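# Need coordinates for the following:
(one chain, ligands or ions: 1)
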Amino acid sequence: MELENFRPQSKLVTKITLVEIPRFPAIDAHNHLAEPFGGGWDQKPLQQLLDLLDQAGIRMYVDLDGGWGEDILNTHLDNFKAPAPERFKIFGGVDWSKWTELGDGFPEWAARRLRVQKERGAEGLKVWKEFGLHVKDHYGELVKVDDPRLVPIWETAGELGLPVLIHVADPAAFFDPIDETNERWEELQVHPDWAFTSPPFPPFLSILNGLESLVTRHPSTIFIGAHVGCYAENLAWVGALLDRCPNFYVDIAARLGELGRQPYTARKFLLKYADRVLFGSDMGPYPEVYRVIYRFLETDDEYFNYNAAPIPMQGRWHIHGLYLPDDVLEKVYFRNAERILLNHG
Ligand SMILES: [Zn+2]
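Residues are numbered from 1 along each chain as shown. Below you'll find the model as predicted:
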């Protein structure tokens, strides 16, 4: 038998809890509605989407797919926000490709686009992981996450009250050589374009240090570090940044596999930083995906798959529930998101 065909069935006889709706109606602060991550809801009936969200107990859904062209943003605002304003928030983005053309004028131009996006109805800024990995300036040089030329973008976001949901780097193992020691080997076989082996890519920690200095230098701008502050493997690192920067928040999107395999550390982290952690799924509006997250946050179930897929996609391990108390669940499910997303001017 080839190792890839191995399908061990756990013989543990332990509790299995089905949690269909969250303890408190939740705000999903990190998700998508377009392809490839959100399921292409531009092309499907809104009522179907709302039914799924109702079924899953999601009262509000942050769609990070507003993009940078006003066309996409307008489409998402028209399709989702306009007919159901209290159910959706749409985030815009930065069009880095314009840097080549606009040269030194790019940062100010990008900051002005934020104003336009906000006027149109965008309620936040999503920064994708290409920033720090692929984005180049007009000299063709890779741009660092804390590049001082970009100050106007971050300061304008702060001034406009637009929270910046930022994803830099990726799982730490994506930066390692892809060999028999790489814990994400199987996933990287399926998605070879997710490998950022360094070199030629910058070292993982240099990107994360860039995030740290970015967040530290702009205390009036709210940054939400996607995927547990972009470093779910090292909650001490994330906690230190949360300690230092009151403007920093994190979401838990797509990192159940990381949090749930270090359940003691993760539980302490969530209790300590209960005011700074946002609920999010990142995998579309699907009840079967949400149920796994509710089970993880709310129950003390042991050793279960963190994916709805039969083979856990981020690695063949299982997770343990955190049985968070109600006051923490309430903050993570909606209070924190409410504070950041609903109170801007
Ligand atoms: Zn995402």
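# And for the spatially closest residue to residue 256 that is not a sequence neighbour, the neighbour number?
Leaving out its chain neighbours, the residue that sits closest to residue 256 by CB to CB, 6 or more residues apart in numbering is residue 306, at 4.1 Å. From N, CA and C alone the C-beta is placed, and that goes for glycine too. Other residues within reach of residue 306, judged by other CB atoms under 10 Å, total 25.
# which ones are touching residue 306?
256, 257, 260, 292, 296, 312, 314, 318, 319 (CB atoms under 8 Å, 6 or more residues apart in numbering).
# Secondary structure of the fifth one: a helix, I assume?
Yes: according to DSSP: H, G, I helix; E, B strand; the rest coil, residue 296 belongs to a helix.
# Take the contacts of residue 306 and write them to JSON lines, including neighbour count and pLDDT.
JSON lines is the format used below for the contacts of residue 306 (neighbours: other CB atoms under 10 Å; pLDDT from 0 to 100):
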{"residue": "256", "neighbour count": "25", "pLDDT": "98"}
{"residue": "257", "neighbour count": "20", "pLDDT": "98"}
{"residue": "260", "neighbour count": "24", "pLDDT": "98"}
{"residue": "292", "neighbour count": "20", "pLDDT": "98"}
{"residue": "296", "neighbour count": "25", "pLDDT": "98"}
{"residue": "312", "neighbour count": "19", "pLDDT": "91"}
{"residue": "314", "neighbour count": "19", "pLDDT": "93"}
{"residue": "318", "neighbour count": "16", "pLDDT": "97"}
{"residue": "319", "neighbour count": "25", "pLDDT": "98"}
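# Out of those residues, which comes closest to residue 168?
residue 314 (18.2 Å; CB to CB).
# wait, isn't residue 91 in contact with residue 63?
Yes: counting by CB atoms under 8 Å, residue 91 does reach residue 63; the two are 7.0 Å apart.
# Low-confidence stretches in the protein?
Along the chain, segments meeting pLDDT under 70 span 343-345.
# Show me the residue sitting in the middle of it in space.
residue 226 (3.4 Å; CA atoms, centre = their mean).
# got a list of what it touches?
Neighbours of residue 226 in contact, by CB under 8 Å, 6+ apart: 30, 165, 166, 167, 250, 251, 253.
# which non-adjacent residue is nearest the third one?
The shortest distance from residue 166 to any non-neighbouring residue, by CB to CB, 6+ apart, is to residue 127 (4.3 Å).
# contact partners of stretch 110-126?
62, 64-66, 68, 70, 73-74, 77, 81, 89-95, 98, 150, 152-153, 155-157, 160, 162-167, 341, 344.
# Which members of those residues occur in helices, if any?
The members of the contacts of stretch 110-126 that map onto helices under DSSP state H are 70, 73, 74, 98, 152, 153, 155, 156, 157, 160, 341.
# Please report how far the first one lies from residue 13.
Computed with CB to CB, to the nearest Å, the distance linking residue 70 and residue 13 is 56 Å.
# and what of the fifth one?
Distance of residue 152 to residue 13, given as CB to CB: 59 Å.
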